[in-house]
Structure formats: structure tokens, C-alpha cells
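# Whatever this is, show me its structure:
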Amino acid sequence: MSSLPHRSQGACARLAASAALSACLISSAAAQTAPADGPTELEEISVTANRVEGPPAAIGSAVSSISGEELEQRQIRVVSDVLRELPGVAVNRTGPVGALTQIRIRGSEGNQTLVLVDGVRMNDPGTSAEFDFANLLNLEVERVDVLRGPQSALYGSDAIGGVINIVTRKGEPGPTRFRASIEGGSFNTATGTASVSGGTAAYDYLIAGQGFSTRGVSTATRFDAYAPTSSLDRDRYRSGTGLAKVSVRPTENLEFSGVARYTEFDADRDGFGAASDGYPFAASVDNRDTETGKQFFGRAQAKATLLDGAWDHVLGLSYTNQDRRSFDGTGLKTYASLGEMTRFDYQTNLRFRTEGALPASHVLTFGADHTRDAVKSFTAFPYPEDAANPLRRHIDDAGLVGQYQIGFFEKLFVTGSVRQDFNDRFKEATTYRLASAYTFDQTGTKLRASWGTGVKNPTTFELFGFSGNYIPNGDLKPERGEGWDAGFDQPLWSDRVVFDATYFQQRVRDLISSETVADPGDPTGFVNRPINLAGTTRIDGVEVGLTVRPLDGLTLRGAYTFTDGEDATGATLVRRPRHVASFNANYAFLEGKANVNLGVVYNGRQRDFAYDAKTYARTSAPLKAYTLVNLAGSYKVHENAEVYGRIENLFDRKYEEVLTYNTPGRAAYGGVKVSF
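Next comes the predicted model:
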């Protein structure tokens, strides 16, 4: 049995220091007296951080959350937009709404972030094994959690950077409830939503749908040097999503639940190649390319709870199917990919207490899963010429997870996790995680620290895929990650002020990058292929958050992240701005009938991928910093009706999130919501 490569002496020292800190905190907790009236009931939160429900005091990792109510106050329509406001997160969209949208946590790659929606793993095995947020609109989203740092010990591959967990609303007991909205605005944009939900103690259900359409703006900022046109055309985007959730509880100890999400989209795309005006790099260029897609995500789950809630079992089956097809301006299908994921998983949690000189709470968790990632791809221009076309491949992975959490006096919690992965293509991998947290009664100060390792397997596309001037590399090795963080949360003024700060380090070995090589079939041409970079990629940073509620109804939130990252060659990591900051002010007044929200996002200077216009050799180029200001407001004209409006990019800022890809200017939208 093999495991992760031997850790450095520095890493072992950090782990030893973390264990020593936990031991000191245990001694401190043991010196205190347990309350005479026994343990108090603590607030339950998302299961993201430890894969099991528990109090906030039990979380030793860095996690940020935002509620569905806050999404509505900001009038968020694309979920990725709210992620810009959370610490440690960087967002890059290749153009306007509907274009490829990548999320990076703590400087890690987009495909090193695991995305879960209602318990379904959303990462697409048919492409780069990352989730494209382009088509995830805010349809009945109830909560968004971002868990930062290596989490492979809990979630397996794809979680070196962290985990984004999104949960949608469930039906509530009571009479049937209907909600709908319609909205229109700039760029001929129109969107509408409708949902019906209800339930009893024995069941609940929700059925929702959403349609979105916009003429948008041109994705490209430049013309094709070989076929310039008189003006840049707008690139439209249309999508429709259906969501269904149901839970049935035949007894109070047994629940069966299911969720299904289906999305269709079609979008105008612009190409990539030689730009006019002597531009030094290949660029996004205006043409008539299009893309269509169909996505299905589903999960069925059974949960049994025994021993008065102390012992639960969860058995689940998830299936995803993501179909993308690209066409040129004549309607010729140039590329297609179909990624499928089938996953079986089981988890059991046992909670118990021990008394004596050092009373403690315990949670034991065991999990097992099996995942098959399958890809089918086609290209009209295969390389090499004799490559299988269409391509069909799959990779199987099985994992075993064990976790133990111990808590003393509801103040000190220590959690240890380990996972063993068995892959049919790569060596077995063992990943670990240790997290601890201690809360001081007198001040409410919470100290927390975590350390973990991660693994990211090469994708099916990197191993087998081919497209245009891209060729695969079947000899790639998994990326190996290790990271630690330490921080604190400090509430003040009866929780009207909450301040948190975290320092983190991430290290990744065998990072998958790419190199440009001569085309064996064309002495004058070049192709790109993925490679493992020798050495270690280093990322360090600081995350700071502040929430202030100076008046009833007024909430002020701010966040700042500093990230310093470079790969094993010493080159600055692209699409990771060193400085990212956000500010949001929300004021609800007139007894909650009216609401005003102001949002500001600052994205500092960064570097982006660039390709030499002649050789297509990859290099990098700078992107300027930008600040976006958004303003939103709403008013309830009736108990069941609300009118609202917003202005995005209030000061009409011109900026690029990805080199040579356009972004919308100032835009205004308005609509109405009803519920009964």
C-alpha cells in the first residue's frame, strides 16, 4: 500500500505544533468545571466542514457562509457573483454572463475545487474536471458554504483548494406555497422564475423552474486578422433550468429523498486566434461560433436514524450527465464532449458521551464510496490523425473515510480524518486532516487551526483527450497538495461586531501545467500538451472578514484576501490577484418593507495566460485592477408582492477578467416578485 510522498521536516513540525496546541487546550479545558445543569443545546449548521452536523464551536477549518436571504438582498442572479465577496475566492469569467466561469480557492486551480449542489458532485469529468459556474443561476438557493484548505481526507480528489457546497430550499410543512418573479433590463435581458412547494410532517416537495435570455455583449474585444468584420456582434445567451426535490418520511426515523436538476443552454461564442492591429498575443476574436449544452444532476438518498438520534446511516446514489457541443459559423459540429459521473456512497455517524474526570462528547464517522468518471468526446479536427474519434474512456475510484471528533465542555474540539483511495489507473493515495478549535467563554474568542493533505488526479481530458492543437499525456501523475491555516473569530458588542482573520499556506507538488512543442506532423506548427511541473508550487496568504450591525436593520460586511503564489519555476500564478476585497452594506427599513443594498468588489492586478501570436508558445500578460459597484433596492407593495431594481457596474467600469475577453458595462434591471 502506498501513500502520499514523505512530508518535509517543516510540515511535520507544523503538525507536531498543531497537536501540541491541541494538547495544551485540552489541559486548559480540563481545568474548567462543566456546567451543573449539563450541556447546553447548540446551534446546528451546515455539514460541509466535517461531513456531520455539529455546533459552530466544533469547526477548526476556515469556512464562510452566505444565506439565500442575503442573495436576494443583493439580487444575485448568477451564483458565482456572490462568491466574489467571500474570503479566499477568486472568480474569472471569459466574457459576459453565460461564458466559462472559473472559481479558485486560496490560489489553487479551478479543477482543484470541489463543487457540491444538494449533495451532488458537479465537477465535469468530460472537460477539465472542474465545474463551470456559467449556467448556475440563483434558483431557490438557500445557503452557500465555502470551505477553504485541502479537504481530500473528507471528499477525495478535486478538493485540494477547498469545497463549495450549495443547498437549495426544501418544501416547508403547511399549505401549498407558490412563488414567481419576472425581470427585464439592459442588453435585452429577461428572466423569470416560478416554484411551488409544500409538505407535512410525513413529506415535503419543491418544483421550480427558471428561464434566462440576454443578447449580451461581444465576448471578443478584437477582430480576426484574417476575416475582420465591420463591427463586433453581440453574443446572446439563453438557458432554462428545472429543479425538483422531494422527501418522504414513512417513520420518524427513516427518510427517503431525491433531487433532480436539468439545464439546457445555447450561447454564441467567439473564437481564439490571430488578432488584428498587430496585437502581440493570440486573442479572443469575433466570429459566429456557437455552443449548446444539456446538463442533468440527480441524487437519491435514504437516511435512517437510530438510538434516539445518536446513530445515523446515509446511503446515496448520484448521477450526472453533462453534454456540450460546439459549432462553427456554418453549423459544422467542431467539438463535443459528454461527461458522466456515477457515484455510490455510504456514511454512518455515531455520537456518544463519556463522563468521569474529563467529560467529553465523541463523534465517530465512517464512509465508503465508489465513483466512475466517464468521457466521450469528438472533434472534427483530431490530432493525431489516427486517434480514436470519438474517444471513450472511464476511470474508477473507490474510497474509505474515517473520522473521529472529540469535544470537551463544548469549548475544545479536535477532529482527525483519514481517507484511502483506490484508483484503477493511479497508485493508492492516503490523505489526512487534523483540525482543532477552542472558544473562550469570557470573550467569545475562538482560536482555530487545521492541517490537511490533498490529491488531484489527472482528468480524462488531460490523459486521453484531444482538440485542435492540444494533445494528451497518458504519463501524468496526480497532483499532491498540503496546506495549513491558523486563525481566530472574535465577536464583540453582543455579536453586533464579528471579526475573523486567517493565515494560510498551500503547497502543491507535481502541478499539472502545459508546454508548447513542435508539431511532429507539421514542422511549422506547434501543439500544447499537459505536463507535471517538477518541484513545489507555493501559495501563502491572509484572509480577513468583518461584520458590523450598528443599527437594527443595517448590516455592513467587508472581506479582504492577500494571496502570494508562484509555481515551481518561480513564475507568478495566473488568474490569482494578490489583493481582493469586498464591501457590502444592506439596510432594511419601514418595518422590513423596503431594502437597499450597496456592493463593492475590488479585484487587484493579476497575470493571465497569453499565447505568442506567431508560435502560440504560452506565456503570461498583466491584467489591470478594477472596482465594481452595484446598487439594488426593493419595496413590498403588498404582503405578497414586491417590486425591485438594481444597477450593476454603476460607474461603467471597463475591465477584463480574462485577457482579451469583454465584460458588460453599466446595466439596469427591474422586476416584480409575488408569493402566496
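
# mind showing which ranges of the stretch 101-250 of the chain have poor pLDDT?
Under the criterion pLDDT under 70, the flagged ranges of the stretch 101-250 of the chain are 228-230.

# now swap in the stretch 401-550 of the chain and tell me
467-469, 520-525.

# And the helices in it, which stretches?
Secondary structure of the stretch 401-550 of the chain, counting by DSSP state H, counting those that start in this stretch: helices at 460-464.

# do the same with the stretch 151-300 of the chain
So, for the stretch 151-300 of the chain - with DSSP H, counting those that start in this stretch - the helices run 152-155.

# which residues in it form strands?
162-168, 174-185, 189-199, 203-214, 237-251, 254-273, 283-306 (DSSP state E, counting those that start in this stretch).

# Most tightly packed of those?
Using mean count of other Cβ atoms under 10 Å, the stretch among those with the largest mean neighbour count is strand 162-168, at a mean of 23. Quick note: C-beta positions are derived from backbone N, CA and C, even for glycine.

# picking that back up, now distance to Leu463 too, for the strands of the stretch 151-300 of the chain, in a markdown table please.
Output for these, formatted as a markdown table (distance: least, Cβ to Cβ, whole Å):
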| stretch | distance to Leu463 |
| --- | --- |
| strand 162-168 | 24 |
| strand 174-185 | 43 |
| strand 189-199 | 39 |
| strand 203-214 | 35 |
| strand 237-251 | 30 |
| strand 254-273 | 23 |
| strand 283-306 | 23 |
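
# So for Pro125, which of those strands sits nearest?
Nearest to Pro125 among the strands of the stretch 151-300 of the chain is strand 283-306; the distance by Cβ to Cβ comes to 12.8 Å.

# Distance from the chain centre to that closest one, please.
Computed by Cα atoms, centre = their mean, to the nearest Å, the chain-centroid distance of strand 283-306 equals 14 Å.

# what angle do that strand and strand 254-273 make?
Following axes from the mean of the first three to the mean of the last three Cα atoms, to 10 degrees, one obtains 170 degrees for the angle between strand 283-306 and strand 254-273.

# Past strand 283-306, which element shows up next along the chain?
Remark: after strand 283-306, the chain's next helix or strand is strand 311-327, criterion DSSP states H and E.

# Can you point out the buried residues in that next one?
Along strand 311-327, these residues count as buried under the neighbour rule (16 or more other Cβ atoms under 10 Å): 312, 314, 316, 318, 320-327.

# Among the residues you listed, which pair sits farthest apart?
Largest separation among those by Cβ to Cβ: Asp312 and Phe327, giving 48.4 Å.

# for the buried residues of strand 311-327, which one is nearest Asp612?
Using Cβ to Cβ, the buried residues of strand 311-327 come closest to Asp612 at Ser326, 24.3 Å.

# Is the closest one bridged to anything, and to what?
Taking DSSP bridges as the rule, Ser326 bridges to Glu291, Tyr335.

# pretty sure it contacts Tyr335?
Yes. With contacts counted by Cβ atoms under 8 Å, Ser326 reaches Tyr335, the gap being 4.4 Å.

# between the strands of the stretch 151-300 of the chain, which gets nearest to Ser513?
strand 254-273 (18.8 Å).

# Quick one: mean pLDDT for the strand or helix carrying Thr371?
In this structure, Thr371 sits in strand 360-379 according to DSSP H and E. Strand 360-379 comes out with an average pLDDT of 94.

# Would you mark the buried spots in that strand?
For strand 360-379, burial by neighbour count (16+ other Cβ under 10 Å) applies to 360-361, 363-365, 367, 369, 371-379.

# Partner strands of that strand, with direction?
As defined by DSSP bridges, the strand partners of strand 360-379 come to strand 333-354 (antiparallel), strand 391-408 (antiparallel).

# Just the C-alpha atoms of that strand, please, in PDB.
Extracted in PDB, the C-alpha atoms of strand 360-379 (Å, rounded to 0.1, in the frame of the first residue of the first chain):
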ATOM      1  CA  ALA A 360     -16.300  14.600  26.600                       C
ATOM      2  CA  SER A 361     -18.500  14.200  23.600                       C
ATOM      3  CA  HIS A 362     -17.500  12.000  20.700                       C
ATOM      4  CA  VAL A 363     -18.500  11.600  17.100                       C
ATOM      5  CA  LEU A 364     -17.300   8.600  15.000                       C
ATOM      6  CA  THR A 365     -17.700   8.800  11.200                       C
ATOM      7  CA  PHE A 366     -17.100   6.100   8.600                       C
ATOM      8  CA  GLY A 367     -17.700   6.400   4.900                       C
ATOM      9  CA  ALA A 368     -17.300   4.400   1.700                       C
ATOM     10  CA  ASP A 369     -17.800   5.400  -1.900                       C
ATOM     11  CA  HIS A 370     -17.300   4.300  -5.500                       C
ATOM     12  CA  THR A 371     -17.100   6.800  -8.400                       C
ATOM     13  CA  ARG A 372     -16.900   6.200 -12.100                       C
ATOM     14  CA  ASP A 373     -16.000   9.100 -14.300                       C
ATOM     15  CA  ALA A 374     -16.600   8.500 -18.000                       C
ATOM     16  CA  VAL A 375     -15.900  10.700 -21.000                       C
ATOM     17  CA  LYS A 376     -16.900  10.600 -24.600                       C
ATOM     18  CA  SER A 377     -15.500  13.200 -26.900                       C
ATOM     19  CA  PHE A 378     -15.500  14.100 -30.600                       C
ATOM     20  CA  THR A 379     -13.500  16.600 -32.700                       C
END
